[in-house]
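[1] any chance you can model this:
(chains A and B)
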There are 2 protein chains.
Amino acid sequence: MDLFDAIASRRSCRQFTDEPVTDAQIEQILRAAMAAPSAGNEQPWQFIVVRDRAQLARIPKASPYAAMAKQAAVAIAICGDSSLEKYPGFWSQDCCLAGMNVLLAAQALGLGAVWTAAWPMQDRVEKLSALFGLPPHVIPLCVIPIGHPQGPGQPEDRYRPERVHADRW
Amino acid sequence: MDLFDAIASRRSCRQFTDEPVTDAQIEQILRAAMAAPSAGNEQPWQFIVVRDRAQLARIPKASPYAAMAKQAAVAIAICGDSSLEKYPGFWSQDCCLAGMNVLLAAQALGLGAVWTAAWPMQDRVEKLSALFGLPPHVIPLCVIPIGHPQGPGQPEDRYRPERVHADRW
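    I've put the predicted structure just below:
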C-alpha cells in the first residue's frame, strides 16, 4: 500500500472479525516497529505479542479502554526497557515512533489496530506489568490490539492550516 | 512509495543538497503529520515551518545537534500545545506519532529528514521557545530538518527477535 494512502486511510479500529493474523504478518509488523529511529539509535524497546486467548481476555482488566483486546487476533504491548536507554528521558518517544509504524504496518496489511495507552497512567502500568510479568526496568507504554476489521474505517481530514506557523509563532 | 519500502529504507539524513522543497511537498508532509492518532483525538500539535535562511541558521544555536538545519531547505518544529490537551500527559506521545509520519512522508517524497530532539531537555526547550517566540503553553518537542539528500541512505536491519516475547515476559 502506498505510504500516503496508508496514513490517510488509517483510523483506530475497535471491532474485529475472528479471522486470524498470520505469523508472517506479525513479523512484518514487528520489523516495521523496530525500523523506527530512536535517540542515538538506542532502540530501547521490548514487545509482548499476546495471542493466547486467555491472556488477551485479561488485558481489559488491566487497561479499561482496551476492551477490544478480547476480540482481537493479537495484541502487541510496546514496552520501554530502561536498561537499554543511552539517553535518559527518551524511551517513551522512541517507543512511540515504533508504535506509529505498528499502526501503519497493520493498515498496509489490511488489518485494523488501535493504540490503547498505558504509561504514564500508573494504575495501568502496574496492572499490565503484573499481567505480563515484566521486570521493574521494563515499562508498558501501550497495548495495540490488531485484527481484521469488521468494516472499513472512515477516513477523516484532520488537516488544520491554522496549526502551521511560518518561521515563528 | 510502498509503506514497507518507506519504513525499511528510511534513515536519518544529515546532509542535503540546495535543491528546494516545494510548498506542495511541505503541505503533503504536514497533512501526513496531522493524520496521526492522538489521545481522545485531541490533536495537541502546532507546527513551526522554518524556511527563512536566517532563521534556519539560528536553530543550531538553540539545539546543538541540529547543525544540519543550516543546510536544510526547511525545518519543521513539532510543538505540543497544552491548551489543546484533553488528556494531560499525552501531548508528547501524540506529537511523536505525528513526527514519525513526517519522517515517513519525507522519505516517500524522495527527501531526507532527521529528528533532532528538544523536549525534555530544558535548555533546548527554552532556546527554541525564544527563537520561535512560542507562548508558554507551546512546547517544542523536536525540530526535523528536511531537504534533498546528498546521497542514498544505507538501510539497516534492526530486527531483533530477542526483543519479542510471546504472551508474557
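
[2] give the next helix or strand downstream of the biggest helix by length in chain A.
    Criterion DSSP state H: the longest helix present in chain A is helix A:91-108. Where DSSP states H and E defines the elements, the next helix or strand beyond helix A:91-108 is strand A:112-113.

[3] so which elements touch that following strand?
    Strand A:112-113 is packed against helix A:91-108, strand A:138-147, with contacts defined by 3 or more C-beta pairs under 8 Å, 6 or more residues apart in numbering or on different chains; DSSP states H and E. Using the backbone N, CA and C atoms, a C-beta is placed for each residue, glycine as well.

[4] not counting that strand itself, show me its contacts.
    A:12-16, A:102-103, A:106-107, A:144-149, A:153 (C-beta atoms under 8 Å, 6 or more residues apart in numbering or on different chains).

[5] ok, now stretch A:129-140?
    The contact list for stretch A:129-140 (C-beta under 8 Å, 6+ apart) reads A:46, A:48, A:55, A:58-59, A:61-62, A:77-83, A:91, A:118-119, A:124-125, A:128, B:165, B:168-169.

[6] can you map out the helices along chain A?
    Here chain A has its helices, by DSSP H, at A:3-9, A:23-34, A:53-62, A:91-108, A:122-132.

[7] one step back: output the longest helix of chain A as CSV, nothing but the C-alphas.
    Extracted in CSV, the C-alpha atoms of helix A:91-108 (Å, rounded to 0.1, in the frame of the first residue of the first chain):
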residue,chain,number,x,y,z
TRP,A,91,12.5,5.8,25.8
SER,A,92,8.8,6.9,25.6
GLN,A,93,9.5,9.0,22.4
ASP,A,94,11.4,6.1,20.8
CYS,A,95,8.7,3.6,21.6
CYS,A,96,6.0,6.0,20.2
LEU,A,97,7.8,6.1,16.9
ALA,A,98,7.9,2.3,16.8
GLY,A,99,4.2,2.3,17.7
MET,A,100,3.2,4.6,14.8
ASN,A,101,5.0,2.1,12.5
VAL,A,102,2.9,-0.7,14.0
LEU,A,103,-0.3,1.1,13.3
LEU,A,104,0.7,1.9,9.7
ALA,A,105,2.1,-1.6,9.0
ALA,A,106,-1.2,-3.1,10.2
GLN,A,107,-3.1,-0.7,7.9
ALA,A,108,-1.0,-1.6,4.9
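
[8] for that helix, which helices and strands make contact with it?
    In terms of contacts (3+ C-beta pairs under 8 Å, 6+ apart), helix A:91-108 is packed against helix A:3-9, helix A:23-34, strand A:45-50, strand A:74-81, strand A:112-113, strand A:138-147, helix B:3-9, helix B:91-108.

[9] can you tell me which two in the contacts of strand A:112-113 are farthest apart?
    Greatest spatial distance among the contacts of strand A:112-113 (C-beta to C-beta): A:15 and A:102, at 18.6 Å.

[10] ok, those two, which is more surrounded?
    Set side by side, residue A:15 and residue A:102 show more neighbours around residue A:102, with 22 against 14, by other C-beta atoms under 10 Å in any protein chain shown.

[11] residue A:2 bridge partners, please.
    When assigned by DSSP bridges, residue A:2 has beta-bridge partners residue B:2.

[12] what's near enough to touch it?
    B:1, B:2, B:3, B:108 are the contacts of residue A:2 under C-beta under 8 Å, 6+ apart.

[13] pull out the buried members of these.
    For the contacts of residue A:2, a burial check counting by 16 or more other C-beta atoms under 10 Å in any protein chain shown picks out B:1, B:3, B:108.

[14] which residue packs closest to residue A:32, ignoring adjacent ones?
    residue A:105 (3.8 Å; C-beta to C-beta, 6 or more residues apart in numbering or on different chains).

[15] the one you found: neighbour count?
    Residue A:105 has 26 neighbouring residues, counting by other C-beta under 10 Å.

[16] for residue A:154, see how far away it is.
    Separation of residue A:105 from residue A:154 (C-beta to C-beta, to the nearest Å) stands at 21 Å.

[17] could I get the buried ones among the contacts of residue A:2 as TSV with pLDDT and distance to residue B:95?
    Shown next, in TSV, are these (pLDDT from 0 to 100; distance: C-beta to C-beta, whole Å):
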residue	pLDDT	distance to residue B:95
B:1	96	24
B:3	98	21
B:108	98	20
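
[18] ok, and the closest non-adjacent residue to residue A:68?
    residue A:14 (4.5 Å).

[19] show me what contacts that neighbour?
    Going by C-beta under 8 Å, 6+ apart, residue A:14 touches A:68, A:112, A:114.

[20] is the first one in contact with residue A:15, as I believe?
    Think residue A:68. Yes. Residue A:68 lies in contact with residue A:15 (C-beta atoms under 8 Å); the separation is 6.9 Å.

[21] can you list the low-confidence ranges for chain A?
    The model of chain A has no residue with pLDDT under 70.

[22] quick one: residues contacting residue A:128.
    Taking C-beta under 8 Å, 6+ apart, one finds A:59, A:62, A:63, A:77, A:118, A:134, A:140, A:143 in contact with residue A:128.

[23] what is the nearest of the residues you listed to chain B?
    Nearest to chain B among the contacts of residue A:128 is residue A:134, at 5.2 Å by C-beta to the nearest C-beta.
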